[in-house]
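[1] need coordinates for the following:
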Amino acid sequence: MKKILIFSHAMEIGGAEKSLLGLLETIDTTKYSVDLFLMRHTGELMKYIPNEINLLPEIPQYSALAIPIIEVLKKGQFSVAFGRCIGKEKAKQAVKRLNLSKDNQVGLEYSHKYTLKYMPSINAKEYDLAISFLTPHYFVAERVRAKKKIAWIHTDYSCIDIDISSERKMWSKYDHIISISEDVTNSFLEKFPELKDKILVIENILPENYINSLTDAFSAEEEMPDNGTIKLLSIGRFSFPKRFDDVPAICSIIKDSGVNITWYLIGYGGDEQLIQKRIQEQNVEKEVIILGKKENPYPYIKMCDFYVQPSRYEGKSIAVREAQLLGKPVIITDYSTAHSQIRDEYDGMIVPMNLKDCAMGIRTSICNKDIWPKIRNNLKKNDIANKSEIMKLYKILAEND
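    Numbering: from 1, shown residues only. Modelled structure (predicted):
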């Protein structure tokens, strides 16, 4: 039986974490022994890790990453705290030297890069395959023994700034780099063309068992009542890429056009106060409702009329495909990877990015009564859960047989 190690951060509610859960659900554990190492045993999805997956114990040095420095010091992890502080200072210098935008990944990358030397080996075992599921990818590269190593990309690299030279060294340690879509691949290769021979596409696998078990767990009618309006729903972190800060303005334009909608937002994050402020500025307190963080969003998807992803950029949105799996009409903005997410007017609708055209595009889409029956029928034909993608992983494992 071949041995696989999968490394990730935690199991908070998020698209990458759900795609990890889909991968764990789909791997044939009668043929492969799977160890899962998480830096922190935290998050609402922990309890859904399949029983057949062997969850390795936490290691204090790894659990001291991505938490406030004061907490790291309380844990007595002084070397990790020192490495993180050095990384933070080096990142500031790099951002300034390279003239990068504020929306960059350098801080996170350098945090791992400069704490690496303080990190112990994850396991003494040698694996047939080691998978680093979330960037940065320093630890699997240097602290795991494996015959083959692969690293995953979940991000559209055209929309973020990085230290290319620094990341190039990190990526070079891997036998294969796994991208979640062709568009994500292309944006990555714009920055790392020399890695073309290493990159493969394995699309996200939805955790279908998990989703189906939770969809009818309760009714969301009390929070999303039938008030005679068209119910829109968006799910994601309250952060710049998801663009929920523009939802109040988009909603206001739709409202002024004479279409009555209620737009519900599920999620959490640093932009919540900004979103609240813009709701008040646009006078849409009754039309835009923040429902907050939900461990189980599926009854809310079931209750909505349309699922809308208004993002500035995405790798490949898990929430969009979850809505499609549940048979909901999906509308997304024309971010750079949108056309690898859906086929316009086949399994969803794509609307322009700028505020006014976005609003009018959503309005036109929700009022188009002829297109949606065709789209729903097309969804039934598709393998939305993408379970067949697991065969690509098995092929990697068989390369040296």
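[2] what is the subsequent helix or strand relative to the host helix or strand of Ser213?
    Taking DSSP states H and E as the criterion, Ser213 maps to helix 208-214. Moving toward the C-terminus from helix 208-214, the next helix or strand (DSSP H and E) is strand 230-235.
[3] ok, then the element right after that next one?
    With DSSP H and E, the next secondary element past strand 230-235 is helix 247-256.
[4] give me the angle between that next one and strand 230-235.
    Here helix 247-256 points in a direction 170 degrees away from that of strand 230-235 (axes from the mean of the first three to the mean of the last three C-alpha atoms, to 10 degrees).
[5] buried stuff in helix 247-256?
    Buried positions in helix 247-256, judged by neighbour count with 16 or more other C-beta atoms under 10 Å: 247-255. For glycine as for every other residue, the C-beta is placed from the backbone atoms N, C-alpha and C.
[6] would you say Asn51 is within a strand?
    No. For Asn51, which was evaluated using DSSP: H, G, I helix; E, B strand; the rest coil, the result is coil, with no strand membership.
[7] ok, it - how many residues close by?
    Neighbour count of Asn51, defined by other C-beta atoms under 10 Å: 7.
[8] separation between it and Glu44?
    The spacing between Asn51 and Glu44, counted by C-beta to C-beta, to the nearest Å, is 18 Å.
[9] the host helix or strand of Ala359: which residues count as buried?
    If you go by DSSP H and E, Ala359 is part of helix 355-367. Of the residues in helix 355-367, those scored as buried under the neighbour-count criterion (16+ other C-beta under 10 Å) are 358-363, 365-366.
[10] check stretch 368-378 too.
    Residues 372, 375 are the ones in stretch 368-378 that count as buried (16+ other C-beta under 10 Å).
[11] what does stretch 61-69 give?
    For stretch 61-69, the neighbour count (16+ other C-beta under 10 Å) marks 61-65, 67 as buried.
[12] stretch 71-85 now?
    72, 77, 80-81, 83-84.
[13] now, the residues you listed that are in helices?
    Using DSSP state H, 72, 80-81, 83-84 are the members of these that sit in helices.
[14] widest-spaced pair of the residues you listed?
    Across these, the two members that end up farthest from each other (C-beta to C-beta) are Val72 and Gly83, 9.9 Å apart.
[15] about what we covered before: tell me the one of the buried residues of stretch 71-85 nearest Arg168?
    Using C-beta to C-beta, the shortest approach to Arg168 within the buried residues of stretch 71-85 belongs to Gly83, at 21.2 Å.
[16] any chance of the ones in helices among the buried residues of stretch 71-85 in CSV, plus distance to Glu167 and pLDDT?
    Formatted as CSV, the entries for these read as follows, by distance: C-beta to C-beta, whole Å; pLDDT from 0 to 100:
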residue, distance to Glu167, pLDDT
Val72, 24, 95
Val80, 21, 96
Ala81, 24, 96
Gly83, 18, 96
Arg84, 18, 96
